[in-house]
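*Asks:* Pasted the sequence and its predicted model underneath.
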Amino acid sequence: MKNAKTLVIQRQWCKGCGVCVALCPKEVLAIDAEDKAYPGSLENCIYCGLCELRCPDLAIEVQDARPEAAAKRGAGSGKDTAREAV
């Protein structure tokens, strides 16, 4: 079964401080040319939540990707999922 979680990055909120990059145990996140966090190697993500927990801008969220969980969150959150952004 495919992973039941997804990584969501709110690029508009990210200031590119690099805290998430430094703390990621699997070196999934990186900073792009626009000084924004992005999942450079999402396939390595273990969805531990350290990036979400320590992001000072609250720009990262690990979400349950199952359809029933998405329905509970509601549509139109305004966040870009990392899977879509890649």
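*Replies:* Cool, got the structure. Residues are numbered from 1 along each chain as shown.
*Asks:* give the contact list for D57.
*Replies:* 10, 13-15, 17 (Cβ atoms under 8 Å, 6 or more residues apart in numbering). The way it works is simple: take the backbone N, C-alpha and C, and place the C-beta from them, glycine included.
*Asks:* May I see the ChimeraX selection of the buried members of those residues?
*Replies:* One line in ChimeraX is enough to select the buried ones among those; burial here means 16 or more other Cβ atoms under 10 Å:
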select :10,14,17
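*Asks:* could the contacts of D57 be laid out in JSON lines, adding secondary structure?
*Replies:* Output for the contacts of D57, formatted as JSON lines (DSSP: H, G, I helix; E, B strand; the rest coil):
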{"residue": "Q10", "secondary structure": "coil"}
{"residue": "W13", "secondary structure": "coil"}
{"residue": "C14", "secondary structure": "coil"}
{"residue": "K15", "secondary structure": "coil"}
{"residue": "C17", "secondary structure": "coil"}
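*Asks:* a markdown table for the contacts of D57, including distance to G49 and pLDDT?
*Replies:* Shown next, in a markdown table, are those (distance: Cβ to Cβ, whole Å; pLDDT from 0 to 100):
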| residue | distance to G49 | pLDDT |
| --- | --- | --- |
| Q10 | 16 | 97 |
| W13 | 17 | 97 |
| C14 | 17 | 98 |
| K15 | 20 | 97 |
| C17 | 18 | 97 |
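*Asks:* which stretches of this structure aren't confidently modelled?
*Replies:* Under the criterion pLDDT under 70, the flagged ranges of the chain are 1-2, 69-86.
*Asks:* Which parts of it are helices?
*Replies:* Using DSSP state H, the helices of the chain run over residues 19-23, 50-54, 67-73, 82-85.
*Asks:* I'd like the distance between V28 and L50.
*Replies:* Distance of V28 to L50, given as Cβ to Cβ, to the nearest Å: 10 Å.
*Asks:* C-alpha coordinates for stretch 13-29, PDB please?
*Replies:* Only the C-alpha atoms of stretch 13-29 are listed here, as PDB (Å, rounded to 0.1, in the frame of the first residue of the first chain):
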ATOM      1  CA  TRP A  13       5.000  31.100   4.500                       C
ATOM      2  CA  CYS A  14       8.500  29.700   4.100                       C
ATOM      3  CA  LYS A  15      11.300  32.100   4.700                       C
ATOM      4  CA  GLY A  16      14.000  29.600   3.800                       C
ATOM      5  CA  CYS A  17      15.700  29.500   7.200                       C
ATOM      6  CA  GLY A  18      16.800  25.900   6.600                       C
ATOM      7  CA  VAL A  19      15.700  24.500  10.000                       C
ATOM      8  CA  CYS A  20      13.700  21.800   8.300                       C
ATOM      9  CA  VAL A  21      16.700  20.900   6.100                       C
ATOM     10  CA  ALA A  22      19.000  20.600   9.000                       C
ATOM     11  CA  LEU A  23      16.700  18.500  11.100                       C
ATOM     12  CA  CYS A  24      15.500  16.000   8.500                       C
ATOM     13  CA  PRO A  25      16.900  12.600   9.400                       C
ATOM     14  CA  LYS A  26      16.500  11.300   5.800                       C
ATOM     15  CA  GLU A  27      17.800  14.500   4.000                       C
ATOM     16  CA  VAL A  28      14.500  14.900   2.200                       C
ATOM     17  CA  LEU A  29      14.200  18.600   2.200                       C
END
